[in-house]
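Enquirer: take a look and give me a structure for this.
(one chain, ligands or ions: 1)
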Amino acid sequence: MTRALRLAPFLAWLLPAAAVAQSLEAVVTSAGGDPVRDAVVYAEPLGADGAPLATPPLASIDQVDKEYVPYVTAVRVGTQVQFPNRDQIRHHVYSFSEAKNFEIPLYKGVPPEPILFDKPGVVVLGCNIHDWMSAYVFVTETPHFAVTDAQGRAVLSGLSAGRYRVQVWHPELAGAPESTAREVSLSGGGGQRVEFAIEQRRVWRQRRAPGSGGGGYR
Ligand SMILES: [Cu+2]
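Expert: Okay, the predicted model is just below:
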């Protein structure tokens with residue numbers, strides 16, 4: 001055994017538990033048990049969270065084949081979001097939401113300035129030209145969040161040990177995210193898993209224009 005290997009367990013013991021990054025796996029299903037994609041799972045630390053927050057990285061919501069990609073984006077307050085138009089036609093991005101009321105009038109390519117999301121809340125995006133184009137930006141106060149994939153799974157990584165209040169938001173969530181709140185305690189070694197079964201309401205989504213390639217409701 002090399003000297004380094006013999007030292008390793010001792011060094012691990014020296015590290016305070018909080019310094020060991022924890023992960024939290026969340027699975028979101030409907031009340032009927034089907035996986036729910038595009039759900040934002042976010043964890044707010046209860047009590048002191050020592051680490052100072054770095055400036056969030058730039059996020060991007062693209063316009064591809066007359067749709068917003070992705071449909072749901074989660075960002076922390078203070079994040080700048082770029083809206084590149086990957087189509088050969090012009091789009092006109094806007095939102096009337098209280099958390100961010102803005103527009104980027106008719107444009108192609110990448111707008112010169114990103115948009116700053118400076119208030120927590122739900123921002124609903126539309127396009128003035130294509131009525132069916134819609135997307136959501138969920139702006140959180142916590143840096144700990146992830147969006148579920150097609151299996152309803154989201155992994156929050158890089159959390160320090162401690163207690164968190166974990167909540168779920170989804171465009172079709174019936175009620176407030178608080179109704180999903182769960183307290184989770186993360187302590188040294190290994191990840192933890194939480195499951196959420198959420199009540200949904202139907203949200204009307206406009207049909208794409210005929211012949212535009214998407215076809216029907218989605
Ligand atoms: Cu458009």
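
Enquirer: give me the neighbour count for Gly109.
Expert: Gly109 is flanked by 10 other residues according to other Cβ atoms under 10 Å. Using the backbone N, CA and C atoms, a C-beta is placed for each residue, glycine as well.

Enquirer: surely it touches Phe83?
Expert: No - with contact defined as Cβ atoms under 8 Å, Gly109 does not reach Phe83; the gap is 10.4 Å.

Enquirer: got a list of what the one residue sitting closest to the centre of the chain touches?
Expert: The chain has Ala74 as the residue nearest its centroid, 2.7 Å off, counting by Cα atoms, centre = their mean. Applying Cβ atoms under 8 Å, 6 or more residues apart in numbering, one finds that Ala74 lies in contact with 40, 42, 137-140, 145-147.

Enquirer: quick check: what element follows the lowest-mean-pLDDT helix or strand in the chain along the chain?
Expert: Scoring the helices and strands of the chain by mean pLDDT, DSSP states H and E places helix 3-14 at the bottom, with a mean of 50. Next along the chain after helix 3-14, taking DSSP states H and E as the criterion, comes strand 22-30.

Enquirer: around the ion, pick out the residues from the protein.
Expert: Contact residues, the chain versus the ion (Cβ under 5 Å from the ion): 91, 127, 129-130, 133.

Enquirer: do that again at 6 Å, thanks
Expert: Residues of the chain lying close to the ion by Cβ under 6 Å from the ion are 66, 91, 127, 129-130, 133.

Enquirer: how about the secondary structure of Ala135?
Expert: Following DSSP: H, G, I helix; E, B strand; the rest coil, the label given to Ala135 is strand.
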